[in-house]
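Q: Can you look at this prediction? I've put the sequence above it.
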Amino acid sequence: MFDLVIRNATLPDGRAGVDIGISGEKIVAVEPGLPDAGEATIQARGLLVSPPFVDAHFHMDATLSLGLPRLNRSGTLLEGIQLWGELKPHLTQEAIMARALRYCDWAVARGLLAIRSHVDICDPRLLAVDALLEVKKRVKPYLDLQLVAFPQDGYLRSAGAIELLKTALDRGVDVVGGIPHFERTMADGAASVRALCELAAERGLLVDMHCDETDDPMSRHIETLAAETHRLGMQGRVTGSHLTSMHSMDNYYVSKLIPQIAESGVAAIANPLINITIQGRHDTYPKRRGMTRVPELMAAGVSVAFGHDCVMDPWYSMGSGDMLDVATMALHVGQMTGVEAMRACFQSVTETPARILHLDGYGLNPGCYADLVLLDAADPIEAIRLKAARLKVLRRGKVVAEGPGGTMALHLPGRPQDVSFHHTGG
Ligand code: FE2
């Protein structure tokens, strides 16, 4: 009846003692007491089974290029952009593909099976575009890679970017990107938002813009993005990424802005690891955290996801494709320590980004794809606390990665012989 049964799972919504029946590529039953599947059984032993992690914001064309051609000495965003500019002429399609494929291996091992990656289109050769379109094809059996046409050097500011962005979309890039705060003036930024939203509306595409990634409290591009989304009837299809200026904005203005974002159905993506390291660099003390107003956006009903943004590239030297690392940082920086807030942090690296990406067949209901992660944790909060080991990762009903749990041998007089970091309730 089933090709595979996962027995005695705890689900992210709190249901415990549940069996998951899988037939072919799909989940067909989620209930207690499913019939025995003999050898085709995975014992979850009460541990958490979640749909896979989803990274809503990444740069796969730059990943794992750390140190090429040199390290970022200041650690700032602008030196990172400059460094990327130095690297660009030396990029080859083969090297981009090799690094991206290696990162996708890491991702799968971390239970991260869907990534929205921006790809820089400000290169007349469109090398990275072609490389990542090929990677997208190759990883499709095990990872959903969605690409955003991203004009890193400015849509209006960089010569040829308008045509290059169209060409990238023609070649199969999925989503329209932008970077209004990097245009020459606030007015140019607003004009770029308008033009790019119109282009997406014409072509029936989603939008995801780097928006207000500054500490400038007067940066207003998210307001334009929300207004254009409303004007063009694109509710639920548009995302503002970073939105770090909202951290520094005047509270009265934000009290007008957040309801406007909610009304327009624009989603928000915070990138806590990179925001905490890159924002506030011109501050002495106190230093601003620079993450957007996550709890307040969530409270207003805005879909908020957390992205990794960078792993070992000109902007960020850390990371390993672990979305629980991302959720941990978001939880701390956003002071999201209430029980519901901690659960929301888990949703922001699973269900919410899946919705923002318009992923097909994502979730734990019968009919969804059997894409699942068995975590060495009792629940989503423990998963974040432990950055829990991924014991099994399933894609379309097949195990694609597996690893050991977190128990360690202990050699202490009068103490147990091993130690695990689970909370036993005592
Ligand atoms: Fe980014």
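A: Ah, there it is.

Q: what is the residue nearest the centre of the chain paired to in the beta sheet?
A: Among the residues of the chain, the one closest to the centroid is residue 55, at 2.2 Å (C-alpha atoms, centre = their mean). Beta-bridge pairing for residue 55 (DSSP bridges): residue 115.

Q: Correct me if wrong: it contacts residue 112.
A: Yes: in this structure residue 55 lies within contact range of residue 112 using C-beta atoms under 8 Å: 5.9 Å. Yep, even glycine has a C-beta here, placed from its N, CA and C like the rest.

Q: Residue 54 and residue 357 touch, don't they?
A: Yes: with contact defined as C-beta under 8 Å, residue 54 reaches residue 357; the gap is 6.5 Å.

Q: For the two, list the residues in contact with both.
A: Common neighbours of residue 54 and residue 357, counting by C-beta atoms under 8 Å, 6 or more residues apart in numbering, are residue 114.

Q: Which of the two has more residues huddled nearby?
A: Per other C-beta atoms under 10 Å, whichever of residue 54 and residue 357 has more neighbours is residue 54, with 28 against 24.

Q: From residue 9, how far out is the more buried one?
A: In this view, residue 54 and residue 9 are 19 Å apart by C-beta to C-beta, to the nearest Å.

Q: Check residue 313 too.
A: Distance from residue 313 to residue 9, counting by C-beta to C-beta: 36 Å.

Q: Figure out the helix or strand that residue 326 lives in.
A: Assessed by DSSP states H and E, residue 326 sits inside helix 323-333.

Q: Packing partners of that helix?
A: If you count contacts as 3 or more C-beta pairs under 8 Å, 6 or more residues apart in numbering; DSSP states H and E, helix 323-333 packs onto strand 53-58, helix 272-278, strand 304-306, helix 339-347, helix 380-386.

Q: Can you give the distance from the last one to the centre of its chain?
A: Averaging C-alpha coordinates over helix 380-386 and over its chain gives two centres that are 18 Å apart (C-alpha atoms, centre = their mean, to the nearest Å).

Q: Give me the mean pLDDT for that helix.
A: Helix 380-386 carries an average pLDDT of 97.

Q: Name every strand pairing with the next helix or strand after that helix and say which way it goes.
A: Of the helices and strands lying after helix 380-386 in sequence (DSSP H and E), the nearest is strand 390-395. Here strand 390-395 has these sheet partners by DSSP bridges: strand 372-375 (antiparallel), strand 398-402 (antiparallel).

Q: Turn the ones you listed into JSON lines, including mean neighbour count.
A: Listed next are those as JSON lines, based on neighbours: other C-beta atoms under 10 Å:
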{"stretch": "strand 372-375", "mean neighbour count": "26"}
{"stretch": "strand 398-402", "mean neighbour count": "15"}
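
Q: Looking at those strands, which is nearest to residue 415?
A: Proximity to residue 415, assessed across the strands paired with strand 390-395 by C-beta to C-beta, is greatest for strand 372-375 (26.5 Å).

Q: can you list contacts of the closest one?
A: Here strand 372-375 makes contact (C-beta under 8 Å, 6+ apart) with 6, 9, 20, 27, 42, 44, 47-53, 111, 364, 383, 388-394.

Q: for residue 173, helix, strand, or coil?
A: Following DSSP: H, G, I helix; E, B strand; the rest coil, residue 173 is assigned to coil.

Q: I'd like the helices and strands packed on helix 323-333 laid out as TSV, including distance to residue 254.
A: TSV is the format used below for the helices and strands packed on helix 323-333 (distance: least, C-beta to C-beta, whole Å):
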stretch	distance to residue 254
strand 53-58	22
helix 272-278	17
strand 304-306	15
helix 339-347	19
helix 380-386	27
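
Q: Would you single out the least confident of these?
A: helix 272-278 has the lowest average pLDDT among the helices and strands packed on helix 323-333, namely a mean of 94.

Q: Could you pull out the buried residues of that helix?
A: In terms of neighbour count (16 or more other C-beta atoms under 10 Å), helix 272-278 has its buried residues at 272-278.

Q: JSON lines please, covering those residues and showing distance to residue 423.
A: Shown next, in JSON lines, are those (distance: C-beta to C-beta, whole Å):
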{"residue": "272", "distance to residue 423": "24"}
{"residue": "273", "distance to residue 423": "25"}
{"residue": "274", "distance to residue 423": "30"}
{"residue": "275", "distance to residue 423": "29"}
{"residue": "276", "distance to residue 423": "27"}
{"residue": "277", "distance to residue 423": "30"}
{"residue": "278", "distance to residue 423": "34"}
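
Q: Go through those residues and say which is closest to residue 339.
A: residue 272 (19.7 Å).

Q: Contact partners for the closest one?
A: 291, 306, 326, 329-330, 333-334.

Q: So which of the buried residues of helix 272-278 is the closest to residue 177?
A: The closest of those, once distances to residue 177 are taken by C-beta to C-beta, is residue 274, at 16.5 Å.

Q: so what's the closest one up against?
A: Taking C-beta under 8 Å, 6+ apart, we find residue 274 in contact with 309-310, 315-316.

Q: for this protein, what are the low-confidence residue spans?
A: Segments of the chain classed as low confidence (criterion: pLDDT under 70) are 425-426.

Q: could you pull out the helices for it?
A: Along the chain, counting by DSSP state H, helices occupy 77-87, 93-109, 127-139, 161-171, 186-203, 221-231, 245-248, 251-264, 272-278, 294-299, 323-333, 339-347, 351-356, 380-386.

Q: Tabulate these (JSON lines), appending distance to residue 415.
A: As requested, the helices of the chain are exported to JSON lines (distance: least, C-beta to C-beta, whole Å):
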{"stretch": "helix 77-87", "distance to residue 415": "47"}
{"stretch": "helix 93-109", "distance to residue 415": "32"}
{"stretch": "helix 127-139", "distance to residue 415": "45"}
{"stretch": "helix 161-171", "distance to residue 415": "59"}
{"stretch": "helix 186-203", "distance to residue 415": "60"}
{"stretch": "helix 221-231", "distance to residue 415": "53"}
{"stretch": "helix 245-248", "distance to residue 415": "45"}
{"stretch": "helix 251-264", "distance to residue 415": "51"}
{"stretch": "helix 272-278", "distance to residue 415": "35"}
{"stretch": "helix 294-299", "distance to residue 415": "40"}
{"stretch": "helix 323-333", "distance to residue 415": "28"}
{"stretch": "helix 339-347", "distance to residue 415": "30"}
{"stretch": "helix 351-356", "distance to residue 415": "40"}
{"stretch": "helix 380-386", "distance to residue 415": "20"}
